[in-house]
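# when you get a sec, could you give me coordinates for this:
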Amino acid sequence: MDKIKFATVWLAGCSGCHMSFLDLDEWLIELAEQIEVVYSPVGSDLKVYPDQVDVCLVEGGVANEDNWELIHQVRQRTKILISFGDCAVTANIPAMRNMLDGAEPVLRRAYLELGDKTPQLPHEPGIVPELLDQVLPVHQVVPVDIYMPGCPPPADRIRATLEPLLRGEWPTMAGRDMIKFG
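Purely as a prediction, here's the structure:
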């Protein structure tokens with residue numbers, strides 16, 4: 001049996017969803033026998049998102065030009081895209097900056113008003129990605145196949161989402177254990 005090509009992506013979020021993924025503990029060994037990790041910020045130095053990914057967990061909202069570009073690549077190259085955690089599903093905490101009405105007030109507040117020694121706006125094309133005016137949940141940028149809320153989703157929910165996919169089945173995303181936010 002061919003292994004499932006598996007990826008995880010980290011956009012604008014805290015990495016808590018990835019940490020919760022690691023809470024799968026011993027089941028990670030069983031999972032590793034059935035998947036090939038082809039892209040992930042955890043334990044990987046891969047820089048280019050590959051083609052023909054079977055399943056991808058996407059953590060975080062879409063907050064800057066790099067996130068925007070990556071999520072479009074991910075969607076194009078992935079069969080099943082899972083919005084992984086509240087930030088990916090709703091934009092959650094990263095979207096709190098949306099109340100400041102655009103990228104410019106956010107940058108001004110963070111780098112000029114609160115800057116301590118040499119306040120200046122970060123701007124280095126190609127190095128510092130430009131902020132989008134709003135942080136967006138993944139589904140507002142590209143189509144999503146499965147929503148897995150939680151801040152972060154507990155390991156049991158992650159496993160209950162992935163196990164059916166490993167068998168070629170669709171997970172049942174219903175009931176408090178599978179769809180509770182927070």
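
# from here on, contacts and neighbour counts on C-alpha atoms
Fine.

# so where do the helices sit in this protein?
16-22, 27-34, 65-77, 86-90, 103-107, 155-166, 176-179 (DSSP state H).

# to E59, which of those helices lies closest?
helix 86-90 (5.4 Å; CA to CA).

# quick check: buried residues in that closest one?
Buried positions in helix 86-90, judged by neighbour count with 16 or more other CA atoms under 10 Å: 86-90.

# and which of these is nearest P171?
V89 (16.9 Å).

# the closest one contacts V141, correct?
No. Between V89 and V141 there is no contact under CA atoms under 8 Å: 11.4 Å.

# so who does the spatially most central residue of the chain touch?
Compute the mean C-alpha point of the chain, and by CA atoms, centre = their mean the closest residue is E59, 1.7 Å away. Neighbouring residues of E59 by CA atoms under 8 Å, 6 or more residues apart in numbering: 8-13, 15, 17-18, 83-85, 87-88.

# same check on I146?
80-83.

# mind running it again at 7 Å?
By CA atoms under 7 Å, 6 or more residues apart in numbering, the contact list for I146 reads 81-83.

# hang on, the earlier thing: would you mind finding the most buried of the helices of the chain?
helix 86-90 (a mean of 27; mean count of other CA atoms under 10 Å).

# just the CA atoms of that one, as PDB, please.
The C-alpha trace of helix 86-90 is given here as PDB (Å, rounded to 0.1, in the frame of the first residue of the first chain):
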ATOM      1  CA  ASP A  86      -9.600  28.200  15.300                       C
ATOM      2  CA  CYS A  87      -7.100  30.600  13.700                       C
ATOM      3  CA  ALA A  88      -7.400  28.700  10.300                       C
ATOM      4  CA  VAL A  89     -11.200  28.300  10.700                       C
ATOM      5  CA  THR A  90     -12.100  31.900  11.900                       C
END
